[in-house]
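Curious how this folds, go ahead:
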Amino acid sequence: MAKKLQETIGIGRRKTAVSQVRFRKGSGQIDVNGRKFEEYFPLQLQRDLILAPIQKFSDTQKVDLIIRVKGGGIEAQATATRLGISRALVQEDDALRSSLKELGYLTRDPRKKERKKYGLRGARRRFQFSKR
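Numbering: from 1, shown residues only. Predicted coordinates for the structure are as follows:
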């Protein structure tokens, strides 16, 4: 019978991006939607943002990450992934909660796009006023 891998799952959200992170012991491989981590997130700044909780509180070389992300833009996906990783770390070791919270890694950014209102061009933008 196959041996089941021990893994923790964390879900992160930002705007319309949703990221599901599977966190397990391994060799340091990171897979994002079936692609390599460096290929999916090309900017070093995004990769540093995502891996910040792991580099701070765990060893990057000893964990495998399987990330499924959808919706939003690349920046929102990166922030959602960081939240998912942080939540998975807390699920694994509850003692890290206060440290991660202090750094702001467990804070979900609640901002969403405001809906368009009737009689307006956008959420707040009005049509141009003409006196004559």
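
Check which helix or strand the nearest residue to K15 once chain neighbours are set aside maps to.
Leaving aside its chain neighbours, K15 sits nearest to A76 (4.6 Å; criterion: C-beta to C-beta, 6 or more residues apart in numbering). Where C-beta positions appear, they are placed from N, C-alpha and C, glycine not excepted. In this assignment (DSSP states H and E), A76 forms part of helix 74-92.

what pLDDT, on average, does that helix get?
Helix 74-92 carries an average pLDDT of 94.

Could I get the buried residue list for that helix?
By 16 or more other C-beta atoms under 10 Å, the buried positions in helix 74-92 come out as 75-90, 92.

Going by contacts, tell me the helices and strands next to that helix.
strand 7-14, strand 17-25, helix 44-57, strand 63-70, helix 97-103 (3 or more C-beta pairs under 8 Å, 6 or more residues apart in numbering; DSSP states H and E).

Now do it: everything it contacts.
For helix 74-92, the external contacting residues (C-beta atoms under 8 Å, 6 or more residues apart in numbering) are 8-23, 32, 41, 46, 49-54, 57-58, 65, 67, 69, 71-72, 96-97, 100, 105-106, 108-109.
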